[in-house]
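1. Everything below, folded, please.
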Amino acid sequence: DIGAELPRSTRGLLFAALLFRRFGAVAALLVGALFAITVAWTRTPDGGRTWHAWLLRLPLMGDIRLGFASARVCGALGAMLESGMPLLESVDAAAAASGDAEIGRRLHLAREDVAGGAPLTASLQAHEALDPLAVQFIGVGEVKGDRYIGSVVGTVNVEEVAGSGDTTYCPPEYAPAWRC
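-> Model (predicted):
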């Protein structure tokens, strides 16, 4: 000790080390308990949906999650419609295939609109259920009919949808019907 005063940053570091020595175990237990409570909450239906809704609002991460969920929904929806499954039941099953509780909720809301007579594309857009590019693919198929939705939507893949941000694509052969 030469009697000089330590810099403020060094004093802060020494104080933090003192706190960690005295309360580190308690802090670790509190963080562990908070983590366990959060995991248990996200496993409940409301907690999982709220957690997924929050993740969808995150910048970049939300777009990626929406894109992957949209690709899963499109693949499932396309396969079911191609096999002849009715549209409403196909949307229900595709919601389960989304892997995201919030996307599933939005798809169920869109399904209810469709059951009431609304077009599928308009319902998906109104509830922001899927990535805009996936909705556009569905719209192309919707112009031709349920069975055709399956063949168009079944071709959507993760690279086209996940975070593409491009909502202007329209297959040239369908441009007059879609009015791209």
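
2. So Ala93 is in contact with Gly78, correct?
-> No: contact between Ala93 and Gly78 fails when scored by CB atoms under 8 Å: they sit 11.7 Å apart. Any C-beta I mention is one placed from the backbone N, CA and C, and that applies to glycine too.

3. tell me, how many neighbours does the closest residue to Ala110 other than its chain neighbours end up with?
-> Spatial nearest neighbour of Ala110, excluding adjacent residues (CB to CB, 6 or more residues apart in numbering): Ser123 at 3.8 Å. Residues lying near Ser123 (other CB atoms under 10 Å) number 22.

4. Could you do Leu124 as well?
-> 29.

5. Please list the outside residues in contact with the host helix or strand of it.
-> Taking DSSP states H and E as the definition, Leu124 sits inside helix 120-126. Residues from elsewhere that reach helix 120-126 (CB atoms under 8 Å, 6 or more residues apart in numbering): 87, 91, 107, 109-111, 113-114, 118, 129-130, 132, 135, 138-139, 142, 149.

6. downstream neighbour of that helix in the secondary structure list?
-> helix 132-144.

7. and that following helix, average pLDDT?
-> Helix 132-144 shows a mean pLDDT of 83.

8. Pull the distance from it to the chain's centre.
-> 19 Å (CA atoms, centre = their mean, to the nearest Å).

9. Buried residues, that helix. List them.
-> Across helix 132-144, burial judged by 16 or more other CB atoms under 10 Å covers Pro132, Leu133, Ala134, Val135, Gln136, Phe137, Ile138, Gly139, Val140, Gly141, Glu142, Val143.

10. Kindly report the same for stretch 14-32.
-> Buried residues in stretch 14-32 (16+ other CB under 10 Å): none.

11. can you tell me how far the residue nearest to Ala110 sits from Gly84?
-> Ser123 is 22 Å from Gly84, where distance means CB to CB, to the nearest Å.

12. same question for the lengthiest helix in the chain, mean pLDDT?
-> The helix that spans the most residues within the chain, counting by DSSP state H, is helix 8-42. For helix 8-42, mean pLDDT is 93.

13. Next SSE downstream of that helix?
-> Assigned by DSSP H and E, the successor of helix 8-42 is helix 45-57.

14. what about that following helix, distance to the chain center?
-> Worked out by CA atoms, centre = their mean, helix 45-57 lies 9 Å from the chain centre.

15. And that helix, what's buried?
-> Buried residues in helix 45-57 (16+ other CB under 10 Å): Gly48, Arg49, Trp51, His52, Ala53, Leu56.

16. Kindly indicate which of the residues you listed lies nearest Leu13.
-> Using CB to CB, Trp51 is the member of the buried residues of helix 45-57 that lies nearest Leu13, at 35.5 Å.
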